[in-house]
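based on what follows, work out the 3D shape:
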Amino acid sequence: MICVPNVNSIRKLILGEAHDTVYSIHPGSTRMYYDLKERFWGYGMKRVVAEYVAICDTCQRVKAEHQRPIGLLQPLKVPEWKWEEITMDFIVGLPCTQKGHNSIWVVVDRLTKVAHFIPVNTTYSGAKLAELYISRILHDSLDTKLRFSTTYHPQTDGQTERTNQILKDMFVVEPPI
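A predicted model of the protein is given here:
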(Lines give C-alpha, C1' and ligand atoms only; values in the text may rest on other atoms or scores of the structure.)
Protein backbone atom coordinates (compact mmCIF):
# COMPACT_ATOMS: atom_id res chain seq x y z
CA MET A 1 0.00 0.00 0.00
CA ILE A 2 1.06 3.53 -0.69
CA CYS A 3 0.59 6.04 2.11
CA VAL A 4 -0.92 9.26 0.72
CA PRO A 5 0.19 12.39 2.58
CA ASN A 6 -2.32 15.02 3.56
CA VAL A 7 -1.43 17.25 0.60
CA ASN A 8 -4.41 18.49 -1.41
CA SER A 9 -2.66 18.50 -4.80
CA ILE A 10 -1.56 14.86 -4.43
CA ARG A 11 -4.96 13.73 -3.14
CA LYS A 12 -6.79 15.53 -5.97
CA LEU A 13 -4.54 13.88 -8.55
CA ILE A 14 -5.22 10.40 -7.15
CA LEU A 15 -8.96 11.05 -6.76
CA GLY A 16 -9.16 12.45 -10.28
CA GLU A 17 -7.45 9.38 -11.75
CA ALA A 18 -9.77 7.06 -9.85
CA HIS A 19 -12.93 8.99 -10.67
CA ASP A 20 -12.78 11.19 -13.75
CA THR A 21 -10.89 9.12 -16.32
CA VAL A 22 -12.55 7.26 -19.20
CA TYR A 23 -11.60 3.94 -17.62
CA SER A 24 -13.18 4.63 -14.24
CA ILE A 25 -16.46 6.14 -15.54
CA HIS A 26 -17.53 7.92 -12.30
CA PRO A 27 -17.86 4.82 -10.09
CA GLY A 28 -19.55 6.48 -7.11
CA SER A 29 -18.14 6.93 -3.62
CA THR A 30 -18.47 3.35 -2.35
CA ARG A 31 -16.95 1.65 -5.41
CA MET A 32 -14.26 4.31 -5.67
CA TYR A 33 -13.33 3.96 -2.00
CA TYR A 34 -12.95 0.18 -2.25
CA ASP A 35 -10.86 0.49 -5.43
CA LEU A 36 -8.54 3.05 -3.84
CA LYS A 37 -8.37 1.11 -0.58
CA GLU A 38 -6.63 -1.77 -2.36
CA ARG A 39 -3.64 0.40 -3.30
CA PHE A 40 -3.65 3.52 -1.13
CA TRP A 41 -3.99 4.50 2.49
CA GLY A 42 -4.63 8.00 3.77
CA TYR A 43 -6.08 9.49 6.93
CA GLY A 44 -9.84 10.10 6.44
CA MET A 45 -9.78 8.60 2.95
CA LYS A 46 -13.40 7.45 3.05
CA ARG A 47 -14.61 10.96 3.93
CA VAL A 48 -12.36 12.57 1.31
CA VAL A 49 -13.68 10.21 -1.39
CA ALA A 50 -17.31 10.86 -0.38
CA GLU A 51 -16.76 14.63 -0.48
CA TYR A 52 -15.06 14.41 -3.89
CA VAL A 53 -17.92 12.40 -5.41
CA ALA A 54 -20.56 14.60 -3.73
CA ILE A 55 -19.34 17.70 -5.60
CA CYS A 56 -18.99 15.93 -8.97
CA ASP A 57 -21.56 17.54 -11.28
CA THR A 58 -21.74 14.54 -13.62
CA CYS A 59 -22.42 12.11 -10.77
CA GLN A 60 -25.20 14.32 -9.42
CA ARG A 61 -26.93 14.59 -12.81
CA VAL A 62 -26.85 10.92 -13.78
CA LYS A 63 -27.12 9.37 -10.34
CA ALA A 64 -29.43 6.38 -10.61
CA GLU A 65 -31.96 5.77 -7.88
CA HIS A 66 -31.64 2.23 -6.53
CA GLN A 67 -34.86 2.20 -4.55
CA ARG A 68 -38.31 1.15 -5.57
CA PRO A 69 -40.37 4.14 -6.64
CA ILE A 70 -42.79 5.22 -3.96
CA GLY A 71 -46.48 5.45 -4.69
CA LEU A 72 -48.21 8.63 -5.66
CA LEU A 73 -48.91 11.04 -2.84
CA GLN A 74 -52.48 11.03 -1.68
CA PRO A 75 -53.10 14.55 -0.38
CA LEU A 76 -55.55 14.83 2.47
CA LYS A 77 -58.42 17.27 2.22
CA VAL A 78 -58.16 20.34 4.41
CA PRO A 79 -60.67 20.18 7.29
CA GLU A 80 -63.22 22.98 7.57
CA TRP A 81 -63.56 23.03 11.36
CA LYS A 82 -61.09 22.62 14.16
CA TRP A 83 -61.04 19.13 15.69
CA GLU A 84 -63.02 17.84 12.72
CA GLU A 85 -60.03 15.68 11.79
CA ILE A 86 -57.21 14.66 14.06
CA THR A 87 -54.11 12.52 13.84
CA MET A 88 -52.81 10.29 16.60
CA ASP A 89 -49.56 8.49 17.24
CA PHE A 90 -47.61 7.03 20.13
CA ILE A 91 -44.01 7.57 21.21
CA VAL A 92 -43.02 4.40 23.05
CA GLY A 93 -39.91 3.08 24.73
CA LEU A 94 -39.48 5.97 27.13
CA PRO A 95 -38.29 5.54 30.73
CA CYS A 96 -41.07 5.01 33.23
CA THR A 97 -42.27 8.08 35.14
CA GLN A 98 -43.19 8.18 38.84
CA LYS A 99 -46.84 7.73 37.86
CA GLY A 100 -46.05 4.65 35.74
CA HIS A 101 -46.26 6.23 32.28
CA ASN A 102 -43.84 4.90 29.68
CA SER A 103 -45.25 6.40 26.46
CA ILE A 104 -46.63 9.64 25.07
CA TRP A 105 -49.83 9.78 23.08
CA VAL A 106 -49.61 12.57 20.49
CA VAL A 107 -52.93 13.97 19.24
CA VAL A 108 -52.81 16.75 16.63
CA ASP A 109 -55.69 18.78 15.18
CA ARG A 110 -55.07 18.86 11.43
CA LEU A 111 -56.55 22.33 10.89
CA THR A 112 -55.07 24.37 13.75
CA LYS A 113 -51.98 22.17 14.32
CA VAL A 114 -52.70 22.19 18.06
CA ALA A 115 -50.90 19.21 19.59
CA HIS A 116 -51.71 17.43 22.83
CA PHE A 117 -49.08 15.26 24.49
CA ILE A 118 -50.74 12.83 26.90
CA PRO A 119 -48.61 10.57 29.13
CA VAL A 120 -49.89 6.98 28.85
CA ASN A 121 -48.80 3.44 29.47
CA THR A 122 -48.40 0.87 26.69
CA THR A 123 -50.80 -1.44 28.52
CA TYR A 124 -53.74 0.99 28.36
CA SER A 125 -56.81 -0.42 26.65
CA GLY A 126 -58.79 1.31 23.93
CA ALA A 127 -61.49 2.18 26.47
CA LYS A 128 -58.91 3.85 28.73
CA LEU A 129 -57.53 5.83 25.78
CA ALA A 130 -61.04 6.91 24.80
CA GLU A 131 -61.64 8.10 28.36
CA LEU A 132 -58.39 10.08 28.27
CA TYR A 133 -59.31 11.54 24.90
CA ILE A 134 -62.65 12.80 26.16
CA SER A 135 -61.25 14.14 29.44
CA ARG A 136 -58.06 15.73 28.06
CA ILE A 137 -59.12 16.97 24.64
CA LEU A 138 -62.20 19.11 24.83
CA HIS A 139 -64.26 19.48 21.70
CA ASP A 140 -67.95 19.56 20.82
CA SER A 141 -68.27 16.85 18.21
CA LEU A 142 -67.16 13.26 18.60
CA ASP A 143 -68.09 12.56 15.00
CA THR A 144 -64.55 11.50 14.05
CA LYS A 145 -63.49 8.79 11.63
CA LEU A 146 -60.32 6.72 11.83
CA ARG A 147 -58.07 6.86 8.79
CA PHE A 148 -55.29 4.40 9.46
CA SER A 149 -51.80 5.00 8.19
CA THR A 150 -48.60 3.04 8.49
CA THR A 151 -45.43 3.96 10.32
CA TYR A 152 -42.83 6.12 8.55
CA HIS A 153 -45.08 7.08 5.64
CA PRO A 154 -45.25 10.87 5.92
CA GLN A 155 -47.29 11.13 2.71
CA THR A 156 -50.26 9.88 4.76
CA ASP A 157 -49.58 11.54 8.10
CA GLY A 158 -46.63 13.91 7.93
CA GLN A 159 -47.93 16.31 10.57
CA THR A 160 -47.92 13.80 13.40
CA GLU A 161 -44.59 12.30 12.34
CA ARG A 162 -43.00 15.78 12.21
CA THR A 163 -44.51 16.72 15.59
CA ASN A 164 -43.18 13.46 17.05
CA GLN A 165 -39.70 14.23 15.70
CA ILE A 166 -39.73 17.66 17.34
CA LEU A 167 -40.83 16.14 20.64
CA LYS A 168 -38.12 13.45 20.44
CA ASP A 169 -35.52 16.13 19.71
CA MET A 170 -36.58 17.92 22.89
CA PHE A 171 -35.73 14.76 24.91
CA VAL A 172 -32.26 14.31 23.44
CA VAL A 173 -29.59 15.30 25.90
CA GLU A 174 -26.42 16.34 24.15
CA PRO A 175 -23.20 14.92 25.64
CA PRO A 176 -20.84 17.44 27.27
CA ILE A 177 -17.99 18.64 25.11
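
any regions of this structure where pLDDT drops low?
Within the chain, the set of residues satisfying pLDDT under 70 comprises 63-67, 139-158, 172-177.

from the recorded domain assignment, give the ranges for it.
As given by automatic domain parsing, the domain ranges for the chain are 2-62, 86-171.

what about the longest one, start to end distance?
I take that to be domain 86-171. The straight-line separation of the ends of domain 86-171 (CA to CA, to the nearest Å) is 24 Å.

before we move on, what about stretch 79-88?
This stretch, stretch 79-88, spans 16 Å end to end (CA to CA).

tell me the buried residues in that stretch?
Across stretch 79-88, burial judged by 16 or more other CB atoms under 10 Å covers Trp83, Glu84, Glu85, Ile86, Thr87, Met88. C-beta: built from backbone N, CA, C; applies to glycine.

which of these fall within strands?
Of the buried residues of stretch 79-88, the ones assigned to strands by DSSP state E are Ile86, Thr87, Met88.

from those, which is closest to Tyr23?
Among those, Thr87 lies closest to Tyr23 (CB to CB), at 53.3 Å.

against Asn121, how distant is that closest one?
Distance, Thr87 to Asn121, using CB to CB, to the nearest Å: 21 Å.

got it, and Leu76?
Per CB to CB, Leu76 is found 30 Å from Asn121.

coming back round to it: export the buried residues of stretch 79-88 to a markdown table and tack on distance to Arg110?
A markdown table is the format used below for those (distance: CB to CB, whole Å):
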| residue | distance to Arg110 |
| --- | --- |
| Trp83 | 9 |
| Glu84 | 8 |
| Glu85 | 5 |
| Ile86 | 6 |
| Thr87 | 6 |
| Met88 | 11 |
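
and of these, the nearest to Ile55?
Nearest to Ile55 out of these is Thr87 (CB to CB; 39.5 Å).

look up how far Ile104 lies from the nearest residue to that closest one once chain neighbours are set aside.
Leaving aside its sequence neighbours, Thr87 sits nearest to Thr160 (CB to CB, 6 or more residues apart in numbering; 4.1 Å). Distance of Thr160 to Ile104, computed by CB to CB: 12 Å.
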